[in-house]
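Participant: need a structure here:
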Amino acid sequence: MYYYILNPAAGKGNVNSLQDKLRDKLKELGISGEFAKTTGPGDATKMATAAIEKGYNTVVVVGGDGTVNEVINGITQEQVAVGIIPVGTNNNLAKHFGITGWQQACTVLAARRISTYNLMAAGQNYFLSNLTLGFETDVEKSIDTPDQRLSSRVKHLGQSWGKAKDFQTLKCHLILDNLEIDCDIFSLSVGNQKFQNPLLENHMVVNIAERPVGRRQLGSYLVSRVRGNQAAHEDYATSRLYGTKLTIETEPSTGIMIDGKVTGRTPIALRLTERKIRFITEKVISGLPELEH
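Facilitator: Model prediction:
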């Protein structure tokens, strides 16, 4: 039983023009189901919980990363699978799972290949891919995400260059399990290593990056970001640490970004949880997925 949560604002409203085609495609594949639309922030979380209570075993996000994150926080039973039909402005989670367009996403849903991950938590907010702070979040808050047009990407690169030149590194105090670290950071990311490589174990990984040195290194870093490389900062990571619990304090306090959505500020406490999430993915991304019939 499939329950589709559609964000009508996704992709700057472009999702609305796809609804009839989408429904026809899902019916053709034999996976049509109930559709529901969000009307504001937080709706997708409540709707996902309600869908599970109705007995649905598959919740599908028709939207972008922000809506996916909301749904994750509404999934209360581990046997429920989550799918993505990417129609948002930011679709990094779908791309990670090998899903690049809405028609392919429908085929992936029908194949129903499952990969399971442990969720991370920032306070009471669960997330799947990563949490970032520093330059990454500063850019997301102040510059519009580029679309596929070359002119949009060039404009974004120029704006990012201006931001990077003026960005002041943050004084950061970390407590990772029993290890305390004081450092200056340009960018910091926290995630589950299994999300980056499904063949690895669930484990918290912390990447601490200093400011790229010189115009060439900074330019390479920014180009990687525009191309959609979420892990662009890892090329310049001065430290990579592993643990299960992390507390982050910065001076000054700064915003954080979770699964592509700017939310919350430091200080923040993070942990790798025992709560699991099952995602429907393209087989070439998930390594050794579980195939459901």
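Participant: From the chain's centroid, how far away is stretch 70-86?
Facilitator: What separates the centre of stretch 70-86 from the centre of its chain is 13 Å, taken as Cα atoms, centre = their mean, to the nearest Å.
Participant: Could you tell me the end-to-end distance of it?
Facilitator: 15 Å (Cα to Cα, to the nearest Å).
Participant: quick one: average confidence on that stretch?
Facilitator: For stretch 70-86, mean pLDDT rounds to 95.
Participant: Could you find the closest non-adjacent residue to residue 186?
Facilitator: Residue nearest to residue 186 in three dimensions, not counting chain neighbours: residue 211, with 4.2 Å by Cβ to Cβ, 6 or more residues apart in numbering. The C-beta positions use only the backbone N, C-alpha and C, and glycine is treated the same way.
Participant: ok, now which ones touch residue 78?
Facilitator: Listed by Cβ atoms under 8 Å, 6 or more residues apart in numbering, the contact partners of residue 78 are 275-278.
Participant: do that again at 7 Å, thanks
Facilitator: 276, 278 (Cβ atoms under 7 Å, 6 or more residues apart in numbering).
Participant: Surely it is within a strand?
Facilitator: No: read with DSSP: H, G, I helix; E, B strand; the rest coil, residue 78 is coil and lies in no strand.
Participant: Could you measure from residue 40 over to residue 90?
Facilitator: 18 Å (Cβ to Cβ, to the nearest Å).
Participant: Correction: the previous question concerned residue 163.
Facilitator: 18 Å.
Participant: ok, back up a step: thought the residue nearest to residue 186 was touching residue 184?
Facilitator: No: assessed by Cβ atoms under 7 Å, residue 211 is found out of contact with residue 184, at 8.5 Å.
Participant: Find the centremost residue of the protein, please.
Facilitator: The centre of the chain sits closest to residue 259, judged by Cα atoms, centre = their mean, with a distance of 2.8 Å.
Participant: Select the helix or strand of the chain having the lowest average pLDDT value.
Facilitator: Scoring the helices and strands of the chain by mean pLDDT, DSSP states H and E places helix 283-286 at the bottom, with a mean of 50.
Participant: Can you give me the pLDDT of residue 147?
Facilitator: On the pLDDT scale, residue 147 gets 59.
Participant: likewise residue 292?
Facilitator: So residue 292 comes in at 61 (pLDDT).
Participant: In terms of packing, which of residue 40 and residue 90 has more residues around it?
Facilitator: residue 90 (21 against 7; other Cβ atoms under 10 Å).
Participant: which intervals of this protein have sub-threshold pLDDT?
Facilitator: Low-confidence segments of the chain (pLDDT under 70): 139-150, 152-153, 156-157, 160, 162, 214, 217, 219, 221-237, 283-293.
Participant: Could you measure from residue 252 over to residue 239?
Facilitator: Taken as Cβ to Cβ, the span from residue 252 to residue 239 is 22 Å.
Participant: Look at the two and report which has more neighbours.
Facilitator: residue 239 (14 against 9).
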